[in-house]
Each structure stands twice: as structure tokens, then as C-alpha cells.
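[1] Structure for the following, please:
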Amino acid sequence: MKRYSTNLKRIPSLEIWGVRFSAIFTFLMGMVNLISAVQPALLERLTILREAAIPLEVRFGSRLTSAFAGFAFLLLANSLFRRKRVAWILTTILLSVSVVSHLLKGLDVEEASISLALLILLILLRHSFHALSDPPSIRQGILVLVGAILFTLVYGTVGFYFLDRHFSTPFNFSEAFRQTLMMFIAFYDPGLQPITGFGRYFADSIYIIGLGTLGFALVMLIRPVLVRQPATAEERMRAESIIQQYGRTPLARAALFEDKSYFFGSEDTVIAYATSGRGAMALGDPIGPDDQIATAIEKFRDFCSRNDWTPAFSSTLPDYLEIYRALGFDATCIGYEAIVDLNSFTLEGSQNKGLRNAVSRMERNGYTTEVHLPPLQDKLIHDLQLISDAWLTARHGGEMHFSVGWFEEKYIRHSPIITVCSAEGRMIAFANLVTEYQKNELTLDLMRHFPGVPNGTMDFLFVRMLQWAKQQGYDSFSLGLSAIVGVGEKPEDPRVEQALHVIAEYVSRFYNFKGLHAFKEKFHPRWEPRYLVYPGVGSLSLVLTTLLKVHSGEGFLFKFLWN
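    Predicted coordinates:
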């Protein structure tokens, strides 16, 4: 295979630590602003401000500005750590305001100098903050709401603790917390008696800070969290054109499902992917001409970096492993795809005795199969829906996504379906068939049955399905991926395999990997390896979590919950 080279740039450790330090510094700056906002100005400095004719309202307003900026710094610190560009812009703006507010509220030169130093550091590191913002979410809004409540409680508690001389009642720490909580819950306290102007200001400021932070949090919570459609109609048409021309695996059809977004590496290459949190999982290899695959992978990697996503590729062929590794990725085998050679498929021979017996038994009991070509009629769709619902209920799980389809009327209506019916004409099982694009190969997606069907029902369905495909002139039939069977089960197995085994054990509550592998083995397929490609062992935990989530359809579910 041709070797591919790339000009990968390593991020200097000094720059990495600069970003981390600036994020930590920003968080500490938030705490400094919080404490500074509740500390009275030193008398000699306050005198200078009075002589400069700085109005009282300006000084108190600067304190509130300092407190609000402190709240914002606490929120922005994590985003700076993740190199968010918008967080950098907001932080630099707030630091500029903070420098001025610290000087106006009490000539706090120390705090102003710290703010200025952090501002200079961020300006020097401006090119390091390139990641795009996260899409808004309910989780994000709830976290900000909790943060706003905690910030207001801390602001009031710290203030009453340090400013008890400004009130008729002294406060220890627990009493300061109780007093803040009382004001926070009841929003008034007739017994609170400030004895100085600063005390009155501080008591009023708790309400203002509470209203301001909670108002911001509520806006974050109720702002549009509608997840955008994974792809526009134009993008989907463009992707479909490329996939039909270059798709050559059973995953090609799944790349067109509605849970996918698309990245176009060139005019003729597309990567179908789904995101969850900070992970972006591509379905299989890029689809397109061989000589453009390396470029597509490299561009997708850089695209994910700009979005602060960790890229990975699931169920890839072995064909491009050298390219992935040249681009800084690691790869591990996650299973084997079972492919039946239809030209040699037969029920003859001792090794197929079990299949012959199952077929004969089903036929003696009056069971039959039928292939229904699209478009399917409403009555058939209804009967298939009953089977699908019963199957999902019996498994105590929902639909899977990403590399497999789900029971959706439009998809099912335009798929060839093979069904099993009893002697009474009752439909008890079905599977939908999917043709591939560049290979003369057929595969299946959904295979479902009513609970309690006779033993041998699925053997009967699969034999008749393979025989029908052979009669139609197909060369091969893919039975799909047999994932992680026998991987990571021993203590001495590599940690990567053990992690995959843990994922498999969890998902096995919905999909029986070992049982499916044994079932497919009955048809004597050839087993072809498939790989998970990821950017280093350090990212594997996030990659595996992303893989699990995109298959469970979490993001797709929330799209419907919030639309």
C-alpha cells in the first residue's frame, strides 16, 4: 500500500500549560472579584476617590460589576481550559471592564493589576483559543442555574461574615450563611438592620446579584436548545450522490440515516458522523476515491479540533489503517463482519444438518416465508410494527441507532422485507434487506420476531433469505458485525480490550453479542476484521462513551424531545 505522510504539528508543552494556567488563573480571578466586591475600600484610597468627585453610585455600581464579573469568570474558566474562542473573547472583555471597576470601587490597584496581567497573558495566547462553542443544552442551563444559586449564597455569606460591623447583629460563618439563605428564600428580612451606608448597599446588592445571576441562568436554561437537524436537505442529497457512487460496505446505507451529519473532505468524499458531548464518531471509513481518503481523514481531524471534539472512526476496514496511523491515530479490532459466499452456500453436508432439520420442522408445521418488495402496503407496515413493538418490549430496551436502522415507517416502507408466517397466516417474524452500492452484495438490518416463536424460526428465515438472495444473482450476503466476542475477558488482556469488553457487557443487555456470533457461525461465513480508530489511548474513555451514546440514540432522542 502506498505510504502517506502528513505534516503534524506538536503543540508545545509551554503553550499547553499557558492555556491551563490562564484557565486556573481566571477561576481564581472570579474568587478574587467575589471577595473584593464585599470588602470596603481602604479609608485613604476612598478619600482619593471622593476628592476626584467619583459619585457614590459609580463606586457601588463598580462593586456590582466586579461581582458579576466574578460570576462570569467562574463560568468561563472551564471553557478557556477547552480552548473555546468565544470564552476567550468574553473573558478579555470582562477583564478590561474588571480593571476599571476595581479602580473605581476603591482604588484596588492589586486586583486591577492581577486582572491586567491575566488580560495580557490571554492576549499573548490568543491563537491558542480556537475551538468553537458547544451547542446549547438543558444540561448546560441546569449547571449554570446551580452555579448561580451557589454563587449568590457564597457572595452573601462571605459578605455578612466580613461586614458584620456594618450591621446591628454580628455574624459568625453559620449565622452569615443562615442570614443569606433567609434573604434568598424569603427575599426580605425585616430584622436585618444595617447601621452604615455600606451595610445598606451590601444588603441591597444581594438582591441585585441574586436577580442578575439567576436571571442569566434562567435565560441559559430556557434559551433554544433545539438540536439542529444533523444535515440539510442539500447536504443529504450531496452525501447520497457520493455514497451511491463509492459506497462499498453494509454501512453505506446506514450513513444516510437521519441521525448523521456530514463532513465533505472534497467534492467526492464524505464522512458520515454523529456527535455526543465532546466526541465525534464517524461511521466507517470516509467514502470516496481511494486517492482522496487521506486528505479527508486529515481535514476531518482538523475540523473536529476546531470544534473541540475528539474524532474517532467506528467499524473501519483494514484497508486504510496505515493512513490513520500516519495521521496520529491508533486502531484496535472491535469485531469481525460475517460474509456468506452465496455461490457456495448450500444446505447439503453434515455440517448443515442442524439448519436442514430446522427448515424441515418449520415447513412440516406449516410455516412459510415471503419476500415483499417496496413500496410496502399500510397493512403490512402495521403488522411489522406490532412485531417490532413486541420485540422491543420483550428486550426492555429502545431502538439502537448509528450503524443500524430503527423502525421508521419511511425507511421500512422502501425496504425489501422477508417475513415468516404461521400455518394460520399470522406473521411472526421479519427482516428487512439492504442492497449495497458498489458490491453485488446484500445485507440485512432489522430482524425481529414475536416473543415465544418456535425454535428454529430465525434459522428458517435466514436460510430462505440467503436462498432468495442467491436466486436473485447476488454474490455475497453480509450478516453484519459480530462485535467483541472473546475480547478482553481475561485479566491479562490489554486494557483497551478490557474496556471494550465492559462496553460489550453493558450493551449485551439489549443485544446478545455472543448469541449472535454463534447464530451467524451456523452459516459458515468468512470473518473480516473491523476496527475502531481513535486519537490515542488517552482519548479512549471518551471515544468509547461516545460510541455507546451514538448507538443508543441519545442525541437523536433529545432532538425529538425538544423539537
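
[2] Please count neighbours and contacts with C-alpha atoms only from this point.
    Fine.

[3] what does the domain assignment say about the chain?
    Using automatic domain parsing, the domains assigned to the chain come out as 13-222, 337-530.

[4] Using JSON lines, please lay out those domains together with distance to residue 289.
    Output for those, formatted as JSON lines (distance: least, CA to CA, whole Å):
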{"stretch": "domain 13-222", "distance to residue 289": "30"}
{"stretch": "domain 337-530", "distance to residue 289": "12"}
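
[5] Looking at those domains, which is nearest to residue 257?
    The closest of those to residue 257 is domain 337-530. By CA to CA, the value is 7.3 Å.

[6] Now do the same for the closest one: mean pLDDT, whole number.
    Averaging the model's pLDDT scores along domain 337-530 yields 86.

[7] okay, how far is it across it, tip to tip?
    The straight-line separation of the ends of domain 337-530 (CA to CA, to the nearest Å) is 7 Å.

[8] Assign residue 170 to helix, strand or coil.
    Here residue 170 is coil, with the state taken from DSSP: H, G, I helix; E, B strand; the rest coil.

[9] re the thing from before, including distance to residue 272 and mean neighbour count, could the domains of the chain go into TSV?
    Output for the domains of the chain, formatted as TSV (distance: least, CA to CA, whole Å; neighbours: other CA atoms under 10 Å):
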stretch	distance to residue 272	mean neighbour count
domain 13-222	19	18
domain 337-530	10	17
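
[10] so which of these gets nearest residue 268?
    Across the domains of the chain, closest to residue 268 is domain 337-530 (CA to CA), at 15.1 Å.

[11] wouldn't residue 125 be in contact with residue 19 here?
    Yes - if you go by CA atoms under 8 Å, residue 125 and residue 19 touch, sitting 7.3 Å apart.

[12] Can you spell out which helices and strands pack onto the helix or strand containing residue 303?
    Assigning secondary structure by DSSP states H and E places residue 303 in helix 293-306. Counting contacts by 3 or more CA pairs under 8 Å, 6 or more residues apart in numbering; DSSP states H and E, helix 293-306 is packed against strand 261-266, strand 269-276, strand 310-316, helix 321-326.

[13] Identify the residue spatially nearest to residue 268, adjacent ones excluded.
    Leaving aside its chain neighbours, residue 268 sits nearest to residue 288 (5.6 Å; criterion: CA to CA, 6 or more residues apart in numbering).

[14] need the longest strand for this structure.
    Using DSSP state E, we find that the single longest strand of the chain is strand 330-341.

[15] Other residues contacting that one?
    Residues from elsewhere that reach strand 330-341, judged by CA atoms under 8 Å, 6 or more residues apart in numbering: 315, 321, 324-325, 475-485, 496, 500, 520, 523-537.

[16] Now go through the residues you listed and say which are in strands.
    Per DSSP E, the contacts of strand 330-341 map to strands at 315, 476-483, 526-534.

[17] List phi and psi for residue 67.
    Main-chain dihedrals, residue 67, degrees, to the nearest 10: phi -70, psi -50.

[18] Would you agree it is in contact with residue 34?
    Yes - in terms of CA under 8 Å, residue 67 counts as a neighbour of residue 34; the distance is 5.3 Å.

[19] quick one on the thing from earlier: now mean pLDDT and mean neighbour count too, for the helices and strands packed on helix 293-306, in JSON lines please.
    JSON lines is the format used below for the helices and strands packed on helix 293-306 (pLDDT from 0 to 100; neighbours: other CA atoms under 10 Å):
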{"stretch": "strand 261-266", "mean pLDDT": "92", "mean neighbour count": "20"}
{"stretch": "strand 269-276", "mean pLDDT": "92", "mean neighbour count": "24"}
{"stretch": "strand 310-316", "mean pLDDT": "95", "mean neighbour count": "25"}
{"stretch": "helix 321-326", "mean pLDDT": "94", "mean neighbour count": "18"}
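
[20] okay if I get these as a markdown table plus distance to residue 169?
    Formatted as a markdown table, the helices and strands packed on helix 293-306 follow (distance: least, CA to CA, whole Å):
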| stretch | distance to residue 169 |
| --- | --- |
| strand 261-266 | 61 |
| strand 269-276 | 52 |
| strand 310-316 | 55 |
| helix 321-326 | 68 |
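
[21] that older thread, the longest strand of the chain pairs with which strands, and in what direction?
    strand 476-483 (antiparallel), strand 526-534 (antiparallel) (DSSP bridges).

[22] what would those look like in CSV with distance to residue 261?
    Below are those laid out as CSV (distance: least, CA to CA, whole Å):
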stretch, distance to residue 261
strand 476-483, 23
strand 526-534, 19
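
[23] Residue 216: which of those is closest?
    Comparison of these against residue 216 by CA to CA identifies strand 526-534 as nearest, at 37.7 Å.

[24] Flag every buried residue along the very next helix or strand once past the closest one.
    The element immediately downstream of strand 526-534 (helix or strand, assigned by DSSP H and E) is helix 540-552. Buried residues in helix 540-552, counted by 16 or more other CA atoms under 10 Å: 540, 542-544, 546-552.

[25] tell me the angle helix 540-552 makes with strand 526-534.
    Inter-element angle recorded for helix 540-552 and strand 526-534: 120 degrees (by axes from the mean of the first three to the mean of the last three CA atoms, to 10 degrees).

[26] Tell me the helices and strands packed up against helix 540-552.
    Applying 3+ CA pairs under 8 Å, 6+ apart, we find helix 540-552 packed against strand 269-276, strand 279-283, strand 310-316, helix 495-507.
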